[in-house]
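Enquirer: no FASTA, just this:
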């Protein structure tokens, strides 16, 4: 019998939120990327679209503004996603996906700190 593997979903990322009507926003995503559930995103100031939040930059996206709750394939064009933008909320630290430039523990800690300021608390266990 074949083994089926399912990619991470919202239940793997989000462990608690006070009220979905308060904590979530529908946001436009920058095209050209497939975003997995748990992507840590920032907003490009000029376009208002969200993309992976890099370690540094000057376009606004370097500040993490939320966690994508469902995977979105925006490789072929504009797309929208559901973003956890404020807390109180708890997310699984292991389920978060970062930009390629966020590649060591100190850079990850900086992104987690930005999420914590939004009331989005990353936990090892939830």
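Expert: The structure has been received and is ready for your questions. Computed from a prediction, not measured in an experiment: that's the story for all the values here. Numbers count the residues shown, from 1 in each chain.
Enquirer: how about the strands in this protein?
Expert: 14-17, 24-29, 34-35, 40-43, 50-52, 66-68, 72-73, 79-84, 89-92, 120-123 (DSSP state E).
Enquirer: nearest to residue 98, out of those strands?
Expert: For residue 98, the closest of those is strand 40-43, at 5.4 Å, according to CB to CB. All C-beta atoms are positioned from the backbone trio N, CA, C, and that covers glycine.
Enquirer: in its sheet, which strands sit next to that closest one, and in what direction?
Expert: If you go by DSSP bridges, strand 40-43 pairs up with strand 50-52 (antiparallel), strand 66-68 (antiparallel).
Enquirer: which residues touch that strand?
Expert: For strand 40-43, contacts defined as CB atoms under 8 Å, 6 or more residues apart in numbering pick out 27, 29, 35, 49-54, 60-68, 81, 83, 96-99, 102, 111, 115.
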